[in-house]
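*Asks:* Give me a 3D structure for the following:
(one chain, ligands or ions: 1)
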Amino acid sequence: MNIILFGFMGTGKTSIGKRLAERLGWTFADMDELIEQREGKSIADLFAQKGEPYFRKLEKTLVAELALGEHQVISTGGGVVLDPENIRRLQACGRCVCLRADEDTILKRVQENTQRPLLEQGEKSARLRALLHQRQPLYDAIPLQLDTTTHSLEDAVQILAEMIP
Ligand code: S3P
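*Replies:* Numbers count the residues shown, from 1 in each chain. Predicted coordinates:
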């Protein structure tokens, strides 16, 4: 059994996932971080040098690998939901929770960061709104949802720990 955190960029997947894994004594698997380690480059450089399709291929391979593991809290990248096979594999290996937050909160959280290439193409808030709108049905389809807009990190971890028996 694993716990898989889905959600748009800036919804708290990495910070909450890391703390939840510590609390459970499980492995923390941050997909973007693993991809960066393997490729020896930041996600931003990977997108710039090899393009998004290359990144999506690495992401899909990693999903297939992680889905074979146990006792992991997996923080996915926000775009993992774009491939239905990723969702199917992750749903088959554990409890899936989608983190969400309102647009203004997401914007505040990602504002200063330039490491999210998909938000660097044009005006950030417009890009964010468009992507979020486009993906919302995919996020909504994840059975468990947690809104992190007003929760502290500790509260969010506590709620998740209670949500998942
Ligand atoms: C992406 C989200 C990022 C990272 C990449 C693409 C996306 O992860 O995987 O920049 O398509 O939403 P975070 O959600 O951890 O920022």
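*Asks:* Could you identify the helix or strand that succeeds the top helix by length along the chain?
*Replies:* As assigned by DSSP state H, the longest helix anywhere in the chain is helix 124-140. Sequence-wise, the next helix or strand downstream of helix 124-140 (DSSP states H and E) is strand 144-147.
*Asks:* then whichever helix or strand comes after that next one to CSV, C-alphas only?
*Replies:* As assigned by DSSP H and E, the chain's next helix or strand after strand 144-147 is helix 153-163. Extracted C-alpha coordinates of helix 153-163, given in CSV (Å, rounded to 0.1, in the frame of the first residue of the first chain):
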residue,chain,number,x,y,z
LEU,A,153,1.1,22.0,7.0
GLU,A,154,0.6,20.1,10.2
ASP,A,155,-3.2,20.2,9.9
ALA,A,156,-3.0,18.9,6.4
VAL,A,157,-0.8,16.0,7.4
GLN,A,158,-3.1,15.2,10.3
ILE,A,159,-6.2,15.2,8.1
LEU,A,160,-4.5,13.0,5.6
ALA,A,161,-3.3,10.6,8.2
GLU,A,162,-7.0,10.3,9.5
MET,A,163,-8.4,10.1,6.0
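*Asks:* can you give me the helices for this protein?
*Replies:* 13-24, 31-39, 43-50, 52-66, 84-93, 103-110, 124-140, 153-163.
*Asks:* if you compare these, which one is most tucked away?
*Replies:* Highest mean neighbour count among these (mean count of other CB atoms under 10 Å): helix 13-24, with a mean of 20. Every C-beta, even on glycine, is put in place using the N, C-alpha and C of the backbone.
*Asks:* roughly how far out does it sit from the chain middle?
*Replies:* Taking CA atoms, centre = their mean, to the nearest Å, one finds helix 13-24 lying 12 Å from the centre of the chain it belongs to.
*Asks:* Run the angle between that helix and helix 153-163 for me.
*Replies:* Between the axes of helix 13-24 and helix 153-163, defined by axes from the mean of the first three to the mean of the last three CA atoms, to 10 degrees, the angle is 60 degrees.
*Asks:* Looking at helix 13-24 now, give me its mean pLDDT.
*Replies:* Averaged over helix 13-24, pLDDT sits at 97.
*Asks:* Could you check the angle that helix makes with helix 31-39?
*Replies:* Going by the same axes, to 10 degrees, helix 13-24 is angled at 100 degrees with respect to helix 31-39.
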